[in-house]
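1. Next come a sequence and a model predicted from it.
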Amino acid sequence: MRSSAALQLLADRLTMNKDLYDCIVVGAGPAGLSAALFLARYRRRVLTFHHNSPRNEYAHGVHGFLGHHGISPAELLARGRDEVTTHGGLIVESCVTGIERLTNDHFRVSTGDGDQDDRTFDARRILLATGLRDLTPDCPGFRDFYGVSVHHCPDCDGYECIDKRIAVLGTGTKTVGFALKLLTWTKKITLITEDPAGLSNDDRAKLDSFDIPVLDQNIKALEGDLESKQLQRIVFTDGDALACDALFFNLGTEPASNLHEVLGCKLDEECGLLWVDKTHQTSIEGVYAAGDITPNSQLAVVAAAEGAMAAIHINDSLIPSELKPK
Ligand SMILES: Cc1cc2nc3c(=O)[nH]c(=O)nc-3n(C[C@H](O)[C@H](O)[C@H](O)COP(=O)(O)OP(=O)(O)OC[C@H]3O[C@@H](n4cnc5c(N)ncnc54)[C@H](O)[C@@H]3O)c2cc1C
């Protein structure tokens, strides 16, 4: 965390100037940094907050990001932060704890949790790029292999599992589709469900028709080679074990922050994520959103593209009417 003295200095510098930022971006993952970079290049006063918890912090590499395939998440974000600041954008490591809408064109952002780091910052636009958190298996060994041989995203890591023995952990009909998607890369799939009632007879028949066995078992631990982070077996509470090369889990996600609720932003009825229009504006005028928190594929490259699109529209919304074509 940035020290309170440094934060104080920065806050003093900003408030002494009575700065009204053009945009405050909450979140410095691919979405927030990409937006901040474009806004800075539009010469907008842009201030970005993050608390250093990107969704993919456990991944060993970002797959499928054109031109950066395999780059470590930390390296991608460090480069992004550098690009934003060299264009004049400010980035502060601090948790945003509140956002108040003073008018359609004026928002107040609070940081800190009631201690000496409490500050407020004002802006004309807000971009929420706060991302999602994955609900993860709660068993010994999970963290030892997560991001290398334990995954949640077939789009991101399926290719690395071609012809490997994959275990899938999940429940309900959505997990059937998840398991079937993995047939793109391997036929050696076993589905584990800790909630047998969540799978209907039709679900089980469908899986059976594709030779995907179902184990109604509770996981006790994940085991394998700790140095290479290679999962080798899943041990169950009854003592049985399943040898495998990778585990994909499908346990759901939740928003990483509740700031959209504080602002009263509408959710998408189908997926429950943050509703946005074609310009990436939420249901609250002046509040935009991009990245995993909005409905779309949850990929770093998509988040970055959405951040750029949001920035284009935020900039457009800030252009005075006399400078726009009639
Ligand atoms: C293990 C794993 C592996 C992955 N592998 C890949 C891959 O190979 N390829 C790929 O394309 N995608 C991959 N993804 C998905 C990818 O990480 C996400 O799609 C991407 O990170 C979304 O970017 P984002 O900017 O929307 O959110 P995030 O990257 O999650 O960033 C959210 C930001 O919001 C900040 N934040 C949240 N709340 C607050 C607050 N209250 N105050 C201040 N800051 C806040 C956080 O600090 C963070 O900076 C993977 C994900 C995981 C979990």
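-> Good, I have the coordinates. Residues are numbered from 1 along each chain as shown.

2. so which strand or helix has whatever residue of the stretch 201-326 of the chain ends up closest to the ligand?
-> In the stretch 201-326 of the chain, the residue found nearest to the ligand is Gly291; the distance is 2.2 Å by Cβ to the nearest ligand atom. Yep, even glycine has a C-beta here, placed from its N, CA and C like the rest. Assigned by DSSP states H and E, Gly291 falls within no helix or strand.

3. Next: Ala303.
-> helix 300-318.

4. and that helix, average pLDDT?
-> Throughout helix 300-318, pLDDT has a mean value of 98.

5. Likewise for stretch 110-124?
-> Averaged over stretch 110-124, pLDDT sits at 85.

6. going forward, begin numbering at 818 instead of 1
-> In the new numbering, first residue 818, that becomes stretch 927-941.

7. picking that back up, next, the contact list for the residue of the stretch 1018-1143 of the chain closest to the ligand, please.
-> By Cβ atoms under 8 Å, 6 or more residues apart in numbering, Gly1108 lies in contact with 844, 846-849, 946-948, 1120, 1123-1124.

8. Also within reach of the ligand: list those from those.
-> Counting by Cβ under 6 Å from any ligand atom, 844, 846-849, 946-948, 1120 from the contacts of Gly1108 sit close to the ligand.

9. So which of these are in helices?
-> Among the ones next to the ligand among the contacts of Gly1108, the ones falling in helices (DSSP state H) are 847-849, 1120.

10. Select from those residues the one having the most neighbours.
-> Ala848 (33 neighbours; other Cβ atoms under 10 Å).

11. which residues touch it?
-> Going by Cβ under 8 Å, 6+ apart, Ala848 touches 946, 948, 1107-1109, 1120-1121, 1123-1124, 1127.

12. Please repeat the previous calculation with a cut-off of 7 Å.
-> Neighbouring residues of Ala848 by Cβ atoms under 7 Å, 6 or more residues apart in numbering: 946, 1107-1108, 1120-1121, 1123-1124.

13. Is Phe1066 in a helix, a strand, or coil?
-> Of the three states, Phe1066 takes strand under DSSP: H, G, I helix; E, B strand; the rest coil.

14. Could you figure out how far whichever strand or helix holds Ile841 is turned away from helix 1117-1135?
-> Element membership for Ile841 (DSSP H and E) is strand 837-843. Relative orientation of strand 837-843 versus helix 1117-1135 (axes from the mean of the first three to the mean of the last three Cα atoms, to 10 degrees): 160 degrees.

15. Can you name every helix or strand that strand 837-843 contacts?
-> helix 847-858, strand 863-867, strand 936-945 (3 or more Cβ pairs under 7 Å, 6 or more residues apart in numbering; DSSP states H and E).

16. Would you confirm that Phe1065 contacts Cys973?
-> No. Using Cβ atoms under 7 Å as the test, Phe1065 is too far from Cys973 to be in contact (10.2 Å).

17. Compare the two and say which one has the larger neighbour count.
-> Phe1065 (24 against 19).

18. Show me what the more buried one bridges to in the sheet.
-> Phe1065 forms beta bridges with His968, Val985, as assigned by DSSP bridges.

19. residues in contact with it?
-> Taking Cβ under 7 Å, 6+ apart, we find Phe1065 in contact with 968-969, 971, 983, 985, 999.

20. contacting residues for whatever residue of the stretch 918-1067 of the chain ends up closest to the ligand?
-> Closest contact between the stretch 918-1067 of the chain and the ligand, by Cβ to the nearest ligand atom, is at Gly948 (2.6 Å). Neighbouring residues of Gly948 by Cβ under 7 Å, 6+ apart: 844, 846, 871-872, 1073, 1108-1110.

21. now Met1126
-> By Cβ under 7 Å, 6+ apart, Met1126 lies in contact with His1097.

22. I'd like to know how far it sits from Glu1102.
-> Met1126 is 18 Å from Glu1102, where distance means Cβ to Cβ, to the nearest Å.

23. One more: Gly1041?
-> To Glu1102, Gly1041 is 51 Å away according to Cβ to Cβ.

24. now the strands for the stretch 868-1017 of the chain?
-> Using DSSP state E, counting those that start in this stretch, the strands found in the stretch 868-1017 of the chain span residues 907-910, 913-920, 923-928, 936-945, 949-951, 967-968, 983-987, 1006-1009.

25. Most tightly packed of these?
-> Among the strands of the stretch 868-1017 of the chain, strand 983-987 has the highest mean neighbour count (mean count of other Cβ atoms under 10 Å), at a mean of 25.

26. Kindly export it (C-alpha atoms) in PDB.
-> What follows is strand 983-987, C-alpha atoms only, in PDB (Å, rounded to 0.1, in the frame of the first residue of the first chain):
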ATOM      1  CA  ILE A 983      -9.000 -33.200 -17.000                       C
ATOM      2  CA  ALA A 984     -11.200 -33.200 -13.900                       C
ATOM      3  CA  VAL A 985     -14.100 -30.700 -13.900                       C
ATOM      4  CA  LEU A 986     -15.600 -29.500 -10.600                       C
ATOM      5  CA  GLY A 987     -19.000 -27.900 -10.500                       C
END
